[in-house]
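Engineer: Output the structure for:
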Amino acid sequence: MGNIYKRILERHLGWTVETTVPLPEKCIICVAPHTSNWDFILGELYIRSIGLTANFLMKREWFFWPLGILLRRMGGVPVERSRKTSLTDQLAERARAEKTFRLAVTPEGTRSRVEYWKRGFYFIALKAKLPILLYAIDYGRKRIICTRQIIPCGDVEADMSEILAYYKEGGFTARFPEKFYANPQQP
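Structural biologist: Okay, the predicted model is just below:
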C-alpha cells in the first residue's frame, strides 16, 4: 500500500519529501504550518507512503458516527477541550507503555492564525523522554521536510524559541500564508 500512497503524493500531486532525520519508534512529530485541511491529507499520504502510521489529536466533535470510526482506525485521538484533565500526562504514560508511539501534533492548534503556539506536545515529549521531530509542509515548493529534531531539556521557553525559529526562518510557505505566524519571542 505504501507505493500507492507514494505515487499519489509524489507523482499525482507533485510533492517531494526531504527528510534527513530518521523517524524513530517513539517520537512527537511537530507539523507546521497548519492552515488547511489539506495538511492532514498530505501528512497521512506521507506517513503511509513510508509504511508507517502516526496518531494525531483532533477535536472530539469530529468523531461522530460514522466518521469517528474511520478517524480512530487512522490513529485519531479525540480531544475534549472543555475538560481539565491532563491529556499530556495520559499521552506520556501511553508513550512509555507502548512499543511504538508516534504522535503528530500541529502546535498552532487550529487552521486559523494564532499568536501563541500550544505547548502540550512539548510536555508530552518531556514527560515521556521523546524526541520532537520538526516537520514542515511547504506549499511554496511542494515539499514535506524534516531536517531537525529537538530533545526537550526542560527549559520550555528556550526549546520553544528554537522550534519557532526553525519554522520562521525555514522559508516554509503555508497553504494560506496570512494564517501562519511563528514568533520565537512568544510570551
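
Engineer: Return the set of buried residues in the lengthiest helix in the chain.
Structural biologist: Identified as the longest helix of the chain according to DSSP state H is helix 156-169. Counting neighbours by 16 or more other Cβ atoms under 10 Å, one finds that the buried residues in helix 156-169 are 159, 160, 163, 164, 166, 167, 168. All C-beta spots, glycine's among them, are computed from the backbone N, C-alpha and C.

Engineer: From those, pick the one nearest residue 114.
Structural biologist: Within the buried residues of helix 156-169, the smallest distance to residue 114 is 11.8 Å, found for residue 164 (Cβ to Cβ).

Engineer: thinking that closest one is in contact with residue 183, fair?
Structural biologist: Yes - if you go by Cβ atoms under 8 Å, residue 164 and residue 183 touch, sitting 6.3 Å apart.

Engineer: Check the gap between the residue nearest to residue 161 when sequence neighbours are not counted and residue 51 for me.
Structural biologist: Of all residues not flanking residue 161 in the chain, residue 184 sits nearest, at 4.5 Å (Cβ to Cβ, 6 or more residues apart in numbering). Residue 184 sits 35 Å away from residue 51, going by Cβ to Cβ, to the nearest Å.

Engineer: What of residue 19?
Structural biologist: To residue 51, residue 19 is 14 Å away according to Cβ to Cβ.

Engineer: same question, residue 166
Structural biologist: With Cβ to Cβ as the criterion, residue 166 and residue 51 are 26 Å apart.

Engineer: Check residue 66 too.
Structural biologist: From residue 66 across to residue 51, the span is 27 Å (Cβ to Cβ).

Engineer: Give me the more crowded residue out of these two.
Structural biologist: Taking neighbours as other Cβ atoms under 10 Å, residue 66 and residue 51 compare with residue 51 leading, 11 against 7.

Engineer: Residue 113 belongs to a helix?
Structural biologist: No - looking at residue 113 with DSSP: H, G, I helix; E, B strand; the rest coil, it is coil, so not inside a helix.

Engineer: what about the protein, any weak spots by pLDDT?
Structural biologist: Within the chain, the stretches with pLDDT under 70 are 81-85, 186-187.

Engineer: For it, which segments count as strands?
Structural biologist: Ranges of strands in the chain, per DSSP state E, are 16-19, 26-32, 55-59, 76-79, 101-105, 132-138, 143-150.

Engineer: how far out from the middle of the chain is the longest one?
Structural biologist: Centroid separation between strand 143-150 and its chain, computed with Cα atoms, centre = their mean, to the nearest Å, is 11 Å.

Engineer: Lovely, talk soon.
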